[in-house]
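Undergrad: Okay, sequence plus prediction incoming.
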Number of protein chains: 2
Amino acid sequence: MSRSVIKILLVDDEPDVIEFMSYNLKKEGYSIFSASNGKDGIELAKKINPDLIVLDVMMPEMDGMATCRALRSLEQFKSTLIIFLTARDEEYSQISGFDAGADDYVTKPVKPRIFLSRLQALLRRSDTSKKQLNVKIGDIEIDPEKYLVYKGTETIELPKKEFLLLQLLMSKPGRVFNREEIMSRVWGNESIVGDRTIDVHIRKLREKLGDEIIKTMKGVGYKFD
Amino acid sequence: MSRSVIKILLVDDEPDVIEFMSYNLKKEGYSIFSASNGKDGIELAKKINPDLIVLDVMMPEMDGMATCRALRSLEQFKSTLIIFLTARDEEYSQISGFDAGADDYVTKPVKPRIFLSRLQALLRRSDTSKKQLNVKIGDIEIDPEKYLVYKGTETIELPKKEFLLLQLLMSKPGRVFNREEIMSRVWGNESIVGDRTIDVHIRKLREKLGDEIIKTMKGVGYKFD
DNA sequence: TTAATACTTAACAATAAGTTAACATTGGCT
DNA sequence: AGCCAATGTTAACTTATTGTTAAGTATTAA
């Protein structure tokens, strides 16, 4: 679902904050809409269907959390990204925020650079998570979002490298990946690691998932089977 | 698909990066094009049809992953090589990169030597893998990606040398390959092995696939039939 | 900080793949 | 036909590649 322009809705009762953030986000090419209270925010959201909503927690009448809950109760916004803006010393905001269904929160005063990177990270993550269908082959299933592997009924947590390796092999089941390829796609270019490193990781995967699932093609590579 | 000049499209919002990489790649004889954002990148790609596209992940508006997905959704770029540029600490870049359909990724800051070697590895790999289509003759079919041979309904796994030998003979069915040719294409020019070695491998293939499929032309060579 | 976990390495073991040597068989040749 | 160089066959041998373990580093969490 790649869209040309990402729509962001800002909901805050302070016009200064709206203006400041609006300016900074527009500069980055986002399309910005705004509302000064929760009720208007929800109405506007229904019309424009934003990709992301930024909610100030402290607002008169209907605060950010109530607004968030109201939005989440609507089918349309079940998976829309929501970021909370909170004052630094609102101690419970984190917990309650996530509880109310926020995806992230940022403390005021907002620093544009930081806010942008959080926002982009969130968009990137969600963008992929929408497309990241879990891959299931046989009784093994991987969930890239949660970094988890399911084997039958049991759930297995894998360290990063092991997960990446498994994910690579499962991305094209049956196809043989040679060492060079594995090296490049799991380890990347920054690290030059020895040959045995791959074997050790393969071994650990076999230990956790069963010996049969990864087959060695001697002199050629490994494949998931 | 042999082309005289390899075209590379660079998409990055930082002019410095473009210039730096452009300089280094041009020096190696590649033909370089560039765009400063995803949208322009896609438009340019459509026009020039590059062999390889380098995408910065962190870009305003339409980031590398969104661009990659957009490209992959077009028939024209289904198999074009794509390399991601990511900051070292972008934690999700690896996983999401696979998911978005990248062929490789390289971390910033880019070191020319390393970047070049990966790029060349990728070009080399794709060049051969594109040529390696499944070949089916009679009831025998070979799948180079999976390193498997199918005979009727049964699946046969072959060791590397046997597979290469079969692949060679099947690449031009009916044509006779003499020993010298077989030697150089399966064993390479470095290794000097005795004469009986070829026979032994031929024998093993016959054992596994049936006596009739490889015919001996005494004093001339072997052919697949 | 310490503790825990993840990752890498090195040394050695195990094994499949590849090679060779010795001998058998074949088929084109005079 | 019968010779004989080329190829077939077998099993033992050699080697390259991968498996395994444990210990050393690095990274992350507490």
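TA: Yep, it's here.

Undergrad: all strands for chain A, in order.
TA: A:7-11, A:31-35, A:52-56, A:81-87, A:104-108, A:135-137, A:140-143, A:148-151, A:154-157, A:214-217, A:221-224 (DSSP state E).

Undergrad: Determine whether any part of the second one lies close to chain B.
TA: Think strand A:31-35. No. Contact of strand A:31-35 with chain B (Cβ under 8 Å from any Cβ of the partner chain) is absent, the minimum separation being 9.9 Å. No exception for glycine: its C-beta is placed from N, CA and C like everyone else's.

Undergrad: helices and strands around that strand, which ones?
TA: Counting contacts by 3 or more Cβ pairs under 8 Å, 6 or more residues apart in numbering or on different chains; DSSP states H and E, strand A:31-35 packs against strand A:7-11, helix A:15-27, helix A:38-48.

Undergrad: Check the average confidence over it, would you?
TA: Average pLDDT, strand A:31-35: 92.

Undergrad: Run the angle between it and strand A:7-11 for me.
TA: 20 degrees (axes from the mean of the first three to the mean of the last three Cα atoms, to 10 degrees).

Undergrad: and if you look at the third one?
TA: Compare the direction of strand A:52-56 with that of strand A:7-11 by the same axes, to 10 degrees and you get 10 degrees.

Undergrad: ok, residues contacting strand A:52-56?
TA: Here strand A:52-56 makes contact (Cβ atoms under 8 Å, 6 or more residues apart in numbering or on different chains) with A:6-14, A:17, A:21, A:38, A:41, A:45, A:64, A:67-68, A:71, A:77, A:80-85, A:102, A:119, A:122-123.

Undergrad: which among the residues you listed end up buried?
TA: A:6-13, A:17, A:21, A:38, A:41, A:45, A:64, A:67-68, A:71, A:77, A:80-85, A:102, A:119, A:122-123 (16 or more other Cβ atoms under 10 Å in any protein chain shown).

Undergrad: in chain A, what spans have low per-residue confidence?
TA: For chain A, the stretches with pLDDT under 70 are A:1-5, A:88-100, A:124-133, A:145.

Undergrad: and it, which residues reach DNA strand D?
TA: A:179, A:195-196, A:199-200, A:202-203, A:206, A:216-221 (Cβ under 7 Å from any atom of the strand).

Undergrad: and the residues you listed as TSV, adding distance to residue B:158 and neighbour count?
TA: Listed next are these as TSV, based on distance: Cβ to Cβ, whole Å; neighbours: other Cβ atoms under 10 Å in any protein chain shown:
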residue	distance to residue B:158	neighbour count
A:179	19	13
A:195	24	8
A:196	26	9
A:199	22	13
A:200	27	12
A:202	21	18
A:203	25	13
A:206	23	14
A:216	14	13
A:217	10	19
A:218	11	7
A:219	11	10
A:220	10	15
A:221	14	19
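
Undergrad: Restrict those residues to those that also contact DNA strand C, please.
TA: Checking those against DNA strand C (Cβ under 7 Å from any atom of the strand), the matches are A:196, A:200, A:218, A:219.

Undergrad: would you list those in a markdown table and tack on distance to chain B?
TA: Below are these laid out as a markdown table (distance: Cβ to the nearest Cβ, whole Å):
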| residue | distance to chain B |
| --- | --- |
| A:196 | 20 |
| A:200 | 19 |
| A:218 | 7 |
| A:219 | 4 |
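
Undergrad: Return the subset of these lying in helices.
TA: Within these, residues falling in helices by DSSP state H are A:196, A:200.

Undergrad: Turn the ones next to DNA strand C among the residues of chain A next to DNA strand D into a markdown table, columns for distance to residue A:156.
TA: Shown next, in a markdown table, are these (distance: Cβ to Cβ, whole Å):
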| residue | distance to residue A:156 |
| --- | --- |
| A:196 | 24 |
| A:200 | 18 |
| A:218 | 27 |
| A:219 | 30 |
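
Undergrad: just checking, residue A:149 touches residue A:155?
TA: Yes. With contacts counted by Cβ atoms under 8 Å, residue A:149 reaches residue A:155, the gap being 7.5 Å.

Undergrad: For those two, indicate the residue with more neighbours.
TA: It is residue A:149, of residue A:149 and residue A:155, that has more neighbours when counted by other Cβ atoms under 10 Å in any protein chain shown, with 23 against 12.

Undergrad: Bridge partners for the more buried one, pull those for me.
TA: Per DSSP bridges, the residues bridged to residue A:149 are residue A:142, residue A:156.

Undergrad: so who does it touch?
TA: Taking Cβ under 8 Å, 6+ apart as the test, what residue A:149 contacts is A:140, A:141, A:142, A:143, A:155, A:156, A:157, A:158, A:163, A:166, A:208, A:209.

Undergrad: make it 6 Å
TA: A:142, A:156, A:158 (Cβ atoms under 6 Å, 6 or more residues apart in numbering or on different chains).

Undergrad: Excluding chain neighbours, what is closest to residue A:13?
TA: residue A:59 (4.8 Å; Cβ to Cβ, 6 or more residues apart in numbering or on different chains).

Undergrad: where does that neighbour fall, phi/psi-wise?
TA: As for residue A:59, its main-chain torsions (degrees, to the nearest 10) stand at phi -140, psi 150.

Undergrad: how much space between it and residue A:85?
TA: 10 Å (Cβ to Cβ, to the nearest Å).

Undergrad: same thing with residue A:107?
TA: Residue A:107 is 8 Å from residue A:85, by Cβ to Cβ.

Undergrad: Tally up the residues packed near the residue of chain A found nearest DNA strand C, please.
TA: Closest approach between chain A and DNA strand C, counting by Cβ to the nearest atom of the strand: residue A:159, at 2.7 Å. Residues lying near residue A:159 (other Cβ under 10 Å) number 11.

Undergrad: try residue A:136
TA: Residue A:136, neighbours per other Cβ under 10 Å, totals 12.

Undergrad: coming back round to it: farthest pair in the ones next to DNA strand C among the residues of chain A next to DNA strand D?
TA: For these, the maximum inter-member distance is 19.0 Å, found between A:200 and A:219 (Cβ to Cβ).

Undergrad: Against residue A:36, how distant is residue A:43?
TA: Residue A:43 is 12 Å from residue A:36, by Cβ to Cβ.

Undergrad: Ok, residue A:149 next?
TA: 47 Å.

Undergrad: again with residue A:54
TA: 13 Å.

Undergrad: How about residue A:210: what's its closest non-neighbour residue?
TA: Closest to residue A:210 by Cβ to Cβ, 6+ apart is residue A:151, at 7.6 Å.

Undergrad: so who does that neighbour touch?
TA: A:139, A:140, A:209.

Undergrad: which residues touch the second one?
TA: When contacts are counted by Cβ under 6 Å, 6+ apart, residue A:140 is found next to residue A:151.

Undergrad: how close does it get to residue A:177?
TA: 17 Å.

Undergrad: Of residue A:43 and residue A:36, which one has the most company?
TA: Per other Cβ under 10 Å, whichever of residue A:43 and residue A:36 has more neighbours is residue A:36, with 17 against 11.
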